[in-house]
Each structure stands twice: as structure tokens, then as C-alpha cells.
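Visitor: Just a sequence and a predicted model for now, questions to come.
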Amino acid sequence: MRLIIIVLLSAFCFQNMNSQIYEVGVFAGGSNVIGDVGRTNYISPNEVAYGGIFKWNRSDRHSWRASIIYADISGDDRKSDDDRRRSRGYRYNGGLLELSVGMEFNFVEFNLHYFGRQSTPYIYTGVTVASHDNFFWNALGQFTDEGTKSWAYGIPIVLGIKSRLTPRSVIGFEAGARYTFSDELDGSVPDSEFRQDLAFGNVNNNDWYMFIGFTVTYTFARKPCYCDF
């Protein structure tokens, strides 16, 4: 019985030592949309993006992560490499608020209990949902704001690198693409079913958007458990 108690207490201590580590911080960088209006470059930030990040480090190799990021989004056909888009001349400005949850995986062990200098590349994926403005171009080619918002669900694919900045802070740089299950971010497909005849572009390709920038997080946790038997 004593052996069982010792084993259970040891497991509890190990769990506290390795999993009760958290990070909270900020993201700041740029954003761009890849759709049917404007440029088609995947990494071409043209607006500002910023938000907050929270991580629960379950081990030195993986973390559960949640974030909320706001970005202005815009597109301008005049800056496109496509002659047809430049001659069309559509342009838009809007806003996007993204919520994301998922898992971050470190390629190298990153132990926040060790206060020496550490660095690792990482990958993050999960699910996203983004609230965005609805708009369209009428039959005369005029930009029209619908005055409503829609939700775009998606999958993030993020690559980054992070390093310990101080014993209690971590700095990172990442670039992430979000594939969405929506074709409405750029106004090429009106949200209203009564305006579907005004849709244009490639209706078989959904929209993407990108975030690229820096993260700075503060680490905090319970101290490792040292049990006295």
C-alpha cells in the first residue's frame, strides 16, 4: 500500500513539474488576403495585425495554444500582376477578428524549467473562426457594404521559431497561412442569396489569409513539486 501511495504521489509531482507551465503574451505583425481581388502573393502583408496568445505547455515538445487576433484586411486590383484585375480596378477595406485553438509542436525540446538559452523551430495547427465584414460590387462595379458580418471557418498552418529572451519571457517569429472554407472574405461572393448573380472570380477556390509577425510571451507556473516521503 505504501508503495502504491509513493508511486501515485510521484506521478502527481511529475505532472505538476512538466505540465503546469503557462505563457501569455502578444502578437504584432502584418496581414494579407489571397482571393479574387488584389494581389495573389502568399506572403505580402499590406495591413497591421495584432492580438493576444495563451499557451499551456504540456511537455517540452508540445503545447495547447489559443489566440485572438484582429487585422485590417484590404485588396487592390491596381497592385496585382494580373492585367485583367488591373483593368477591373476593384479595391476594398475591411476588418477581421480571428479566434484560434490548436496544438503547437516544437522540433527541439524546449523546457521552460531550464533557465538557460534555448531556441527551437515550431509548427502550429488547429482550427480558426474569423468574423469579417460583408460587401460586394453591384452591377455598376460600385463597392457596396452590406452592413453585416459572417464567420469564416478555417485551418491554420503556422511555421515559426522561438527563443528564450529572459528567464521569464520568450520571443518568437512566425508566418502562418489560414485556409478558409469561405469565398466571401474579398467580396467576390455576396452574402445575400438574392445577389448571387453578382459573384465573380474562381468560385472553386476559397480564400486564404496570412499573418506574419512577432510574439512575446511571459511564462509563469507552479514550481516543481518535491515530495517528502
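Guide: Perfect, thanks for sending it.

Visitor: how about low-confidence regions in the chain?
Guide: 1-20, 193-194, 222-229 (pLDDT under 70).

Visitor: where do the strands sit along the chain?
Guide: Assigned by DSSP state E, the chain shows strands spanning 21-34, 47-57, 62-76, 91-106, 119-137, 143-166, 169-180, 208-221.

Visitor: Export those as JSON lines, with columns for mean neighbour count and distance to Pro190.
Guide: Placement of C-beta: from N, CA and C, glycine included. Formatted as JSON lines, those follow (neighbours: other CB atoms under 10 Å; distance: least, CB to CB, whole Å):
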{"stretch": "strand 21-34", "mean neighbour count": "20", "distance to Pro190": "17"}
{"stretch": "strand 47-57", "mean neighbour count": "18", "distance to Pro190": "23"}
{"stretch": "strand 62-76", "mean neighbour count": "20", "distance to Pro190": "16"}
{"stretch": "strand 91-106", "mean neighbour count": "18", "distance to Pro190": "13"}
{"stretch": "strand 119-137", "mean neighbour count": "18", "distance to Pro190": "4"}
{"stretch": "strand 143-166", "mean neighbour count": "15", "distance to Pro190": "7"}
{"stretch": "strand 169-180", "mean neighbour count": "19", "distance to Pro190": "17"}
{"stretch": "strand 208-221", "mean neighbour count": "19", "distance to Pro190": "19"}
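
Visitor: Indicate which one of those is closest to Gln196.
Guide: Among these, the nearest to Gln196 by CB to CB is strand 119-137 (9.9 Å).

Visitor: re the thing from before, could I get the strands of the chain as a markdown table with distance to Asp82?
Guide: Shown next, in a markdown table, are these (distance: least, CB to CB, whole Å):
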| stretch | distance to Asp82 |
| --- | --- |
| strand 21-34 | 13 |
| strand 47-57 | 20 |
| strand 62-76 | 12 |
| strand 91-106 | 14 |
| strand 119-137 | 17 |
| strand 143-166 | 19 |
| strand 169-180 | 20 |
| strand 208-221 | 16 |
